[in-house]
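Enquirer: Build the 3D model from these lines:
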Amino acid sequence: MSQKEYGFETLQIRAGYDPKEHNYAATVPIYQTTAFNFGDTERLEKIYSLKEGGFYYTRISNPTSDVLEKRIAALEGGTAAVAVASGMAAITYSLLNVAEGGGEIAAVNTLYSGSFNLFNHILPQFGIKVNWIDDPYDLNSFRKAITPNTRAIFAESIGNPLINVLDIEGVAKIAHENDIPLIIDNTFPTPHLLNPIKYGADIVVHSATKALGGHGTAIGGIIVESGKFNWENGKFPHFTAPDYSAKNESLYELVPTSVFTTRIRLRYLSDFGAAISPFNSFLILQGIETLSVRINEEVKTTEKIVKYLSAHPKVSWVNYPGVEGNRNNKLAEKYLPNGYGTIFTFGFKGNQHDINKFINSLELFSFLANIGDARSLLVQPCVATHGSLSVENRNKAGAFPEAIRLSIGLEKAEDLIADLDQAFSKVN
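Expert: Have a look, this model is predicted:
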């Protein structure tokens, strides 16, 4: 595909794919193979020295996954991307890539529980210290969390399940003042509603399992880089030093605008091995082709359900950036002009017995731990997704005892409201 300035709707269908390179197949083929012929020894040498692009082993790269990577990079406004087996793999590899050897990470404490546990329990065992940012709305708290050994700031563009909108531009400025990158998990809004790179983010990660795939059929993760960060500033010598994975040449000199994802591909993906399957890449590509259409419809339905719940006597609060008077209003107007998302939480008036009765009475909503599906989903974070956290950390993340998280799908809004209504009516 040529480098014309196409719109999002065109890029989500066409970016990264040239039928001429794939036997003129109209749809991206599934390259279900473990390895690829080198051709000859000269070509092998060129591929291994990064002097020529090419595929040789699917754990490292694959033509189907390559299209997925190029498409997401185009949608996010990045220069390169690497696909991995899951969103958690994307986060883990990104953090190891910047902080290996004993660096520190500054991270907000309003994270998805899997990310929180990675930061709080696993990374310290690898010599990586995490400095927690207690207030994601206070830019000064970001400054306080940075030390001379900090190698990145990590945050979610929209917190899960606190639904807090990050001031990406403000945080990026702080990161760059300290010569460190800002890594953003953009899973909740997707690139259709928000492009963190536009506001200064350097690395963007996704759980492609969620809205990108959109149908609950494939696990995958994506890492995208902006190509703008100066890895030569002295804090990241491992990016500029001779690298065994590139025949002892500097990766930064070889691929300066894609050094972050290239290093992950040749080191962590190659040697740790969390590779995405070609079939999963294909399924996620199928989902991406309808991303904007799905999100637009789901946002409309979300707004109707938020309005319904805001007026319901058994609801104590609704946390959605579009609710008048919500703390996120101004930030959402700036960063989410195309819609405030499809995921929100509400407070249930009642005890745990009442909440259980409500959940067990639902007929349409699926009770499971996922988001971004074409089906509408519901979960109580404090006992499900964030159940492994302490009460204090659950509350910091927004997983309050009464909080119910909804992820709105493509069903008819009136049917979903009727389902909620009948479930509420079962609670005395």
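Enquirer: all contacts plus neighbour counts: C-alpha atoms, from now on.
Expert: Will do.
Enquirer: Show the low-confidence segments of this protein, by residue range.
Expert: 1-3 (pLDDT under 70).
Enquirer: and it, what are its domains?
Expert: 8-288, 291-425 (automatic domain parsing).
Enquirer: Is it possible to get a markdown table of the ones you listed that adds mean neighbour count?
Expert: Shown next, in a markdown table, are the domains of the chain (neighbours: other Cα atoms under 10 Å):
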| stretch | mean neighbour count |
| --- | --- |
| domain 8-288 | 20 |
| domain 291-425 | 19 |
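Enquirer: Contacts only, for the closest residue to residue 34 other than its chain neighbours.
Expert: In space, and not counting its chain neighbours, residue 34 is closest to residue 58: 5.2 Å by Cα to Cα, 6 or more residues apart in numbering. By Cα atoms under 8 Å, 6 or more residues apart in numbering, the contact set of residue 58 is 33, 34, 35, 275.
Enquirer: how about the second one, what does it touch?
Expert: Contact analysis of residue 34 by Cα under 8 Å, 6+ apart lists 57, 58, 59.
Enquirer: Now the residue nearest to residue 34. Its backbone dihedrals?
Expert: Phi and psi for residue 58, reported as degrees, to the nearest 10, are phi -70, psi -20.
Enquirer: where's it relative to residue 276, distance?
Expert: 9 Å (Cα to Cα, to the nearest Å).
Enquirer: ok, which stretches of the stretch 1-150 of the chain are strands?
Expert: Along the stretch 1-150 of the chain, counting by DSSP state E, counting those that start in this stretch, strands occupy 80-84, 104-108, 129-133, 150-156.
Enquirer: right, and those strands - which one's nearest residue 289?
Expert: strand 80-84 (17.1 Å; Cα to Cα).
Enquirer: tell me what the closest one is packed against?
Expert: helix 63-76, strand 221-225, helix 259-263 (3 or more Cα pairs under 8 Å, 6 or more residues apart in numbering; DSSP states H and E).
Enquirer: Just the residues contacting the last one, thanks.
Expert: Which is helix 259-263. 80, 81, 82, 97, 223, 224, 225, 239, 251, 252, 255.
Enquirer: partner residues bridging the third one?
Expert: The bridge-partner assignment for residue 82, based on DSSP bridges, gives residue 223.
Enquirer: unless I'm mixing things up, it is touching residue 220, no?
Expert: No: judged on Cα atoms under 8 Å, residue 82 makes no contact with residue 220 at a distance of 10.8 Å.
Enquirer: just to revisit the earlier point, please convert the helices and strands packed on strand 80-84 to a markdown table, extending it with distance to residue 362.
Expert: As requested, these are exported to a markdown table (distance: least, Cα to Cα, whole Å):
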| stretch | distance to residue 362 |
| --- | --- |
| helix 63-76 | 35 |
| strand 221-225 | 31 |
| helix 259-263 | 43 |
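Enquirer: mind checking which of the ones you listed is nearest residue 197?
Expert: Using Cα to Cα, the nearest of the helices and strands packed on strand 80-84 to residue 197 is helix 63-76, at 7.0 Å.
Enquirer: The stretch 151-300 of the chain: helices as residue ranges?
Expert: 168-177, 190-193, 237-240, 251-254, 259-263, 270-272, 278-288, 291-310 (DSSP state H, counting those that start in this stretch).
Enquirer: Quick one: closest of those helices to residue 395.
Expert: Here helix 291-310 is closest among the helices of the stretch 151-300 of the chain (Cα to Cα), at 21.5 Å.
Enquirer: Can you tell me what sits against the closest one?
Expert: Here helix 291-310 makes contact (Cα under 8 Å, 6+ apart) with 8-9, 12, 192, 211-212, 214, 315, 317-318, 320, 322-323, 339-343, 346, 374, 408-410, 412-413, 416-417.
Enquirer: which ones among the residues you listed are found in helices?
Expert: 8, 9, 12, 192, 413, 416, 417 (DSSP state H).
Enquirer: nearest spatial neighbour of the second one, skipping sequence neighbours?
Expert: Pointing back at residue 9 there. Closest to residue 9 by Cα to Cα, 6+ apart is residue 292, at 6.7 Å.
Enquirer: Tell me the spacing between that neighbour and residue 411.
Expert: 16 Å.
Enquirer: One more: residue 386?
Expert: Note on residue 386: its distance to residue 411, by Cα to Cα, is 27 Å.
Enquirer: and the closest residue to residue 8 other than its chain neighbours, what is it in contact with?
Expert: Leaving aside its sequence neighbours, residue 8 sits nearest to residue 75 (Cα to Cα, 6+ apart; 6.6 Å). Going by Cα under 8 Å, 6+ apart, residue 75 touches 8, 11, 12, 191, 192.
Enquirer: which residues does the residue most central in space within the chain contact?
Expert: Nearest residue to the geometric centre of the chain (Cα atoms, centre = their mean): residue 206, 2.3 Å. Residue 206 is in contact with 87, 90, 185, 186, 187, 221, 222, 223, counting by Cα under 8 Å, 6+ apart.
Enquirer: Tabulate the residues you listed in JSON lines, adding columns for distance to residue 363.
Expert: Below are these laid out as JSON lines (distance: Cα to Cα, whole Å):
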{"residue": "87", "distance to residue 363": "29"}
{"residue": "90", "distance to residue 363": "34"}
{"residue": "185", "distance to residue 363": "32"}
{"residue": "186", "distance to residue 363": "30"}
{"residue": "187", "distance to residue 363": "27"}
{"residue": "221", "distance to residue 363": "31"}
{"residue": "222", "distance to residue 363": "34"}
{"residue": "223", "distance to residue 363": "37"}
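Enquirer: Excluding chain neighbours, what is closest to residue 83?
Expert: Using Cα to Cα, 6+ apart and skipping residues adjacent in sequence, the residue nearest residue 83 is residue 222, 4.5 Å away.
Enquirer: I'd guessed the one you found sits against residue 84; true?
Expert: Yes: assessed by Cα under 8 Å, residue 222 is found in contact with residue 84 at 6.1 Å.
Enquirer: Dump the helix or strand hosting residue 353 to CSV, restricted to CA.
Expert: Element membership for residue 353 (DSSP states H and E) is helix 352-361. Coordinates of each C-alpha in helix 352-361 appear next as CSV, following Å, rounded to 0.1, in the frame of the first residue of the first chain:
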residue,chain,number,x,y,z
GLN,A,352,-22.8,-8.4,48.2
HIS,A,353,-25.8,-10.6,48.4
ASP,A,354,-27.8,-8.1,46.4
ILE,A,355,-24.9,-7.7,43.9
ASN,A,356,-24.8,-11.5,43.5
LYS,A,357,-28.5,-11.6,42.9
PHE,A,358,-28.3,-8.9,40.3
ILE,A,359,-25.4,-10.5,38.4
ASN,A,360,-27.0,-14.0,38.5
SER,A,361,-30.3,-12.6,37.2
